[in-house]
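1. generate a structure from the sequence data that follows.
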Amino acid sequence: MSVDVGNVLDRKTGIVLTEEEKTELEIVASHVSGIQPRAVDDRFWIDSARDLSALLPVRLRQTLRRFVRDPGADAMLLLRNLPVAPESLPDTPGKAGSVQRTSTLPASVLALISLQLGELMAFREEKGGALVQDVVPVPGMEEFQGNAGATQLTMHVENAFHPLRPDLVGLMCLRNDHDNVAGLRIASIRNALPLLSEETRRVLHEPRFVTAPPASFGGLQSLPEPHGILSGDPEDPDVKVDFTSTEALDPEAERAMAELGEAFVEVRRTLILEPGDLAYVDNRLALHGRTAFRPRYDGRDRWLQRAFVQLDLRRSRPRREGDGHVQSSAA
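-> Now for the predicted structure:
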């Protein structure tokens, strides 16, 4: 189901910033962007941005706090009319592994808002551990199942294989594709669960599935352990599945996974993001993916910036050197 993002917003799913709020946010983000050494991954810069995130517009902070407490049935939050200055952007990056390590205005906006939700985090094995990552098409990788591709991206929980995967995934649009057809797909287990039979729910809670690391981890070798796709409260479970990397271990589990996939197709929503839109997906409750699009490699292709957020950074402390924000996939 494709959705006009202008028609999906209510008090629970997001807000459109007023021009006054946009200016207020831009003033804070511009100040943060200028903090030396102007490096998004620098500890002093992150600490400063966290402190200054308290100066975000009040209504925005209220919305973020509500989302952390309860992400709603759709398990997503959409913020619109953010200051990204699309007319001042450089060409869309076009190389694999592209990241944003300099504190530009868009990167500062993304960091400020993310730091009001929780703590920024990244994996050392993915994009060099950069905290703000570019999601852009790369020549020759059109069919790649990952952020560098342009083909339809299969629905997935971000880094589903990892026990300390991000709680939230933020995707901010700097440019959409030329044809304005690339869409962010989101499907929540809260919406899909009522479509599943009791037997399927039971099977999905059992350790009868394995998930391998995604291609974006550069061939990381990890022996998958059997897990349930659903966990926690049977009436409001978390979900852990990647329909590219997750495999069922027996025919009954395979049928249950297929039924789950059909339910997600039934409830998924497709949002066509515009420059200045920022969507957060609750990675515990929702899958996301992307529709296909045709890149032109002319410097004006689709460009999103991505950030991962953990709500309890302490859980990953043994994997983070020097209590930083980058964790290793090896314990």
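2. gap between Glu199 and Thr246?
-> 19 Å (C-beta to C-beta, to the nearest Å). No exception for glycine: its C-beta is placed from N, CA and C like everyone else's.
3. who's more crowded, the two?
-> Thr246 (20 against 12; other C-beta atoms under 10 Å).
4. quick check: bridge partners of the more buried one?
-> Beta-bridge partners for Thr246, by DSSP bridges, are Thr211.
5. that one reaches Thr211, doesn't it?
-> Yes: counting by C-beta atoms under 8 Å, Thr211 is a contact partner of Thr246 at 4.4 Å.
6. find the nearest non-adjacent residue to Glu225, please.
-> Closest residue to Glu225 apart from its sequence neighbours, by C-beta to C-beta, 6 or more residues apart in numbering: Val210 at 7.0 Å.
7. does the one you found really touch Pro224, like I thought?
-> Yes: using C-beta under 8 Å, Val210 is in contact with Pro224, at 3.7 Å.
8. give me the common contacts of Thr246 and Thr211.
-> Between them, Thr246 and Thr211 share these contacting residues under C-beta atoms under 8 Å, 6 or more residues apart in numbering: Ala160.
9. quick one: Pro318 is in a strand?
-> No: the assignment for Pro318, made by DSSP: H, G, I helix; E, B strand; the rest coil, is helix rather than a strand.
10. neighbours around Asp167, how many?
-> By other C-beta under 10 Å, neighbour count at Asp167 equals 23.
11. distance of Trp45 from Leu153?
-> Applying C-beta to C-beta to Trp45 and Leu153 gives a distance of 31 Å.
12. an error on my part: the question was meant for Leu196.
-> Taken as C-beta to C-beta, the span from Leu196 to Leu153 is 24 Å.
13. list the buried residues for the lengthiest helix in the chain?
-> Determined from DSSP state H, the single longest helix within the chain is helix 251-267. Under the neighbour-count criterion of 16 or more other C-beta atoms under 10 Å, helix 251-267 has Ala253, Ala256, Met257, Glu259, Leu260, Gly261, Ala263, Phe264, Val267 buried.
14. which of those residues sits closest to Gly232?
-> Using C-beta to C-beta, Leu260 comes nearest to Gly232 of these, at 15.7 Å.
15. wait, doesn't the closest one sit right on Ala192?
-> Yes: using C-beta under 8 Å, Leu260 is in contact with Ala192, at 7.0 Å.
16. show me where the stretch 151-300 of the chain has helices.
-> 189-192, 198-204, 251-267 (DSSP state H, counting those that start in this stretch).
17. any chance of the ones you listed in a markdown table, with distance to Val40 and mean pLDDT too?
-> Shown next, in a markdown table, are the helices of the stretch 151-300 of the chain (distance: least, C-beta to C-beta, whole Å; pLDDT from 0 to 100):
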| stretch | distance to Val40 | mean pLDDT |
| --- | --- | --- |
| helix 189-192 | 32 | 98 |
| helix 198-204 | 38 | 98 |
| helix 251-267 | 33 | 98 |
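18. so where is this structure shaky, pLDDT-wise?
-> 1-12, 218-223, 330-331 (pLDDT under 70).
19. hmm, try it at 90
-> 1-13, 86-87, 146-147, 213-224, 328-331 (pLDDT under 90).
20. residue most distant from the centroid, it?
-> Pro251 (31.4 Å; C-alpha atoms, centre = their mean).
21. now do the buried residues in stretch 141-152.
-> Quick answer for stretch 141-152 (16+ other C-beta under 10 Å): Met141, Phe144, Gln145, Gly146, Asn147, Ala148, Gly149, Ala150.
22. same list (those residues) but as CSV, adding secondary structure and distance to Phe217.
-> Formatted as CSV, the buried residues of stretch 141-152 follow (DSSP: H, G, I helix; E, B strand; the rest coil; distance: C-beta to C-beta, whole Å):
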residue, secondary structure, distance to Phe217
Met141, coil, 15
Phe144, coil, 13
Gln145, coil, 12
Gly146, coil, 10
Asn147, coil, 12
Ala148, coil, 13
Gly149, coil, 15
Ala150, coil, 20
